[in-house]
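Trainee: what shape does this take:
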Amino acid sequence: MKLIVESQYFPPVTLFKKSIEFLNIEFDIYEPWRKMSFRNRCVVVGSHGPINLSIPVLEGREQKKLMKEVVIDNRKPWQSQHWKTITSCYNRSPWFSFYEPELAGLYRQPVELLHDWNRICFEWVTGKLGLTLHVDYLECVPDGLAGQMVVDWRNKLTPKTLQEDGANPVIYHQVFEDRIGFIPHLSVLDLLFCEGKNARRILSAKG
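Mentor: Residues are numbered from 1 along each chain as shown. Reported below is the predicted structural model:
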């Protein structure tokens, strides 16, 4: 069984829980670019609620390129801005200092293509979670693989659908939970900073 999904920037916790069920994941980087998605956006949380971190792209949100061709607009200091926000949100979380050195280095790494950045982020997270996933990049769902052999999750996880989704979220203790309540479906970074080495067990739990 394989899970097919679009390339995403530090994806929601939900995607990693699903990935563990399959262990085989394929990213479609030949799909047309779509705005209002996690392709160039991840969601973290601060003391006042969720915060969207969006990567600027050349030609803007209305472009017609394939995902593999989308170029990051590095004229804007998005990496330093995102890292500053992440630090502000999580510097008091239990595991932030454990991951900080490596993640800070990642945010200083130059990158041109959006899907390359997303791949770097995904590989970093799977390494921290201790997951052994078979990862491929495909052009389309090959004929004959639909149905039983493939689960197609492309465009299933979007900021809008996750807000409307009634499915049970992955539950864990969050930094600002006592102030603003539990916020479901955040970036996997939130889970790592809050639960650290316990994150994999939480993702693997049934339910």
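Trainee: let me see the contact set for residue 203.
Mentor: Each residue near residue 203 by C-beta atoms under 8 Å, 6 or more residues apart in numbering is listed here: 13, 16, 17, 20, 129, 170, 191. Where C-beta positions appear, they are placed from N, C-alpha and C, glycine not excepted.
Trainee: just the closest of those residues to residue 94, please.
Mentor: residue 191 (11.6 Å; C-beta to C-beta).
Trainee: please report how far the residue nearest to residue 31 when sequence neighbours are not counted lies from residue 7.
Mentor: What sits nearest to residue 31 in space, not counting adjacent residues and going by C-beta to C-beta, 6 or more residues apart in numbering, is residue 67, at 5.4 Å. Going from residue 67 to residue 7 by C-beta to C-beta, to the nearest Å gives 6 Å.
Trainee: one more: residue 200?
Mentor: 22 Å.
Trainee: comparing the two, which residue is more hemmed in?
Mentor: In terms of neighbours (other C-beta atoms under 10 Å), residue 7 is the more surrounded of residue 200 and residue 7; the figures are 26 against 18.
Trainee: what about the strands in the chain?
Mentor: With strands called from DSSP state E, the chain shows them at 2-6, 24-28, 41-46, 49-54, 134-138, 150-152.
Trainee: packing partners for the second one?
Mentor: Applying 3 or more C-beta pairs under 8 Å, 6 or more residues apart in numbering; DSSP states H and E, one finds that strand 24-28 makes contact with strand 2-6, helix 114-129, strand 134-138.
Trainee: hmm, try it at 10 Å
Mentor: Packing contacts for strand 24-28, counted by 3 or more C-beta pairs under 10 Å, 6 or more residues apart in numbering; DSSP states H and E, involve strand 2-6, helix 13-22, helix 114-129, strand 134-138, strand 150-152.
Trainee: tell me the strands beside that strand, with direction?
Mentor: The sheet places strand 24-28 alongside strand 2-6 (parallel), strand 134-138 (parallel), with pairing taken from DSSP bridges.
Trainee: same thing with the fourth one?
Mentor: The pairing partners recorded for strand 49-54 under DSSP bridges are strand 41-46 (antiparallel).
Trainee: mind listing what's buried in the strand it pairs with?
Mentor: By 16 or more other C-beta atoms under 10 Å, the buried positions in strand 41-46 come out as 41, 42, 43, 44, 45.
Trainee: so where is the chain shaky, pLDDT-wise?
Mentor: Filtered on pLDDT under 70, the chain yields the residue ranges 139-148, 164-167, 206-207.
Trainee: can I get the strands of the chain in a markdown table including distance to residue 87?
Mentor: As requested, the strands of the chain are exported to a markdown table (distance: least, C-beta to C-beta, whole Å):
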| stretch | distance to residue 87 |
| --- | --- |
| strand 2-6 | 28 |
| strand 24-28 | 28 |
| strand 41-46 | 11 |
| strand 49-54 | 12 |
| strand 134-138 | 28 |
| strand 150-152 | 36 |
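Trainee: please identify which of those is closest to residue 186.
Mentor: Among these, strand 41-46 comes nearest to residue 186, with 5.4 Å by C-beta to C-beta.
Trainee: count of residues packed around residue 105?
Mentor: Counted with other C-beta under 10 Å, residues neighbouring residue 105 total 10.
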